[in-house]
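Trainee: Predicted model and sequence below, questions to follow.
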Amino acid sequence: MAKHGKRYNALVGKIDRDKQYSIDEAAALVKELATAKFDETVEVHFRLGIDPRKSDQNVRGTVALPHGTGRTVRVAVITKGENVAAAETAGADYAGGDELIDRIAGGFMDFDAVVATPDMMAAVGQKLARLLGPRGLLPNPKSGTVGPDVSGMVKGLKAGRIEFRNDKTGVVHAPIGKASFDAGNLSANFSALISALEGAKPGSAKGVFLRSAYLTTTMGPSIPLSVSSSVS
């Protein structure tokens, strides 16, 4: 088990481990615990009542956080024709067709998200699936990154739309802002995320869906949250 320093241990001492905090209480406390010299990301971790080994119980979706994530998202758009100009007008950092695909295949990775129009997905799948897939960057309709509306996809990502999905242990990790955010804005982002998560509950998942949740910052300890669990 990793040993923590005096600073971290002092922060842990401010958390009541016998208590499950409301999101409003936790949002205020997490700001107090963010003592790094940079603006730490605030994340929430949900343990779900699913069997991640079963494909019909995996959880995946997107949500537009009302106050954004606090980070600049660099978006690459793989498209062609008039959509290239539309993507650039919407704020895409990079936009193009086969030439952009070849550039990415050659090692260019200066972006945080990739979206594509349906007419480019055959080439994307053939040339970039092995490169982008393991990084979680491969465009997918379920994550809202494949579609004809390049302007809407780009603007959504720039405004703070995030994708969430469970890992192999059945846990969802998602950012809900920065430590510099007002506590109320963190709470609002959390509420939007939990609503989207509950809406994505698989029909085959039985019993308690939201088993536990924790709020944390990049460098700080986790705060146990009280969540309203869904029971079928």
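Mentor: Here it is on my side, so go on. Numbers count the residues shown, from 1 in each chain.

Trainee: Can you report how many residues neighbour residue 134?
Mentor: As a burial measure, residue 134 scores 9 neighbours (other C-beta atoms under 10 Å). To be clear about C-beta, it is placed using only N, CA and C from the backbone, and glycine gets the same treatment.

Trainee: Tell me the first helix or strand C-terminal of the longest helix along the chain.
Mentor: Determined from DSSP state H, the single longest helix within the chain is helix 183-199. Downstream of helix 183-199, the next assigned helix or strand under DSSP states H and E is strand 210-217.

Trainee: Using PDB, write out every CA atom in the lowest-mean-pLDDT helix or strand in the chain.
Mentor: Ranked by mean pLDDT, DSSP states H and E, the helix or strand of the chain with the weakest confidence is helix 6-12, at a mean of 75. Extracted C-alpha coordinates of helix 6-12, given in PDB (Å, rounded to 0.1, in the frame of the first residue of the first chain):
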ATOM      1  CA  LYS A   6       1.800  14.700   6.000                       C
ATOM      2  CA  ARG A   7      -0.100  17.000   3.700                       C
ATOM      3  CA  TYR A   8      -2.300  14.200   2.300                       C
ATOM      4  CA  ASN A   9      -2.800  12.700   5.800                       C
ATOM      5  CA  ALA A  10      -3.900  16.100   7.100                       C
ATOM      6  CA  LEU A  11      -6.500  16.300   4.400                       C
ATOM      7  CA  VAL A  12      -7.800  12.900   5.200                       C
END
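
Trainee: Can you give me the domain assignment for the chain?
Mentor: Here the domain assignment for the chain is 16-69+161-225, 75-159, based on automatic domain parsing.

Trainee: quick one: average pLDDT of the last one?
Mentor: This means domain 75-159. Average pLDDT, domain 75-159: 95.

Trainee: Endpoints of it, how far apart?
Mentor: Terminal residues of domain 75-159 lie 12 Å apart, using C-alpha to C-alpha, to the nearest Å.

Trainee: Give me the distance from it to the chain's centre.
Mentor: 18 Å (C-alpha atoms, centre = their mean, to the nearest Å).

Trainee: Can you check the pLDDT for residue 218?
Mentor: The per-residue pLDDT reported for residue 218 equals 88.

Trainee: hang on, isn't it packed against residue 39?
Mentor: No. Taking contacts as C-beta atoms under 8 Å, residue 218 lies outside contact range of residue 39: 9.1 Å.

Trainee: which stretches of this structure form strands?
Mentor: 41-48, 60-64, 75-78, 94-96, 113-116, 161-165, 171-178, 210-217, 223-225 (DSSP state E).

Trainee: Of those, which stretch is the most buried?
Mentor: strand 75-78 (a mean of 28; mean count of other C-beta atoms under 10 Å).

Trainee: And that strand, what does it pack against?
Mentor: helix 82-90, strand 94-96, helix 98-105, strand 113-116, helix 150-159 (3 or more C-beta pairs under 8 Å, 6 or more residues apart in numbering; DSSP states H and E).

Trainee: and the fourth one, what does it pack onto?
Mentor: Pointing back at strand 113-116 there. On a contact count with 3+ C-beta pairs under 8 Å, 6+ apart, strand 113-116 meets strand 75-78, helix 150-159.

Trainee: again, only using 6 Å
Mentor: Judged by 3 or more C-beta pairs under 6 Å, 6 or more residues apart in numbering; DSSP states H and E, strand 113-116 is in contact with strand 75-78.

Trainee: for the longest one, same thing?
Mentor: Applying 3+ C-beta pairs under 6 Å, 6+ apart, one finds that helix 150-159 contacts strand 75-78, helix 82-90.
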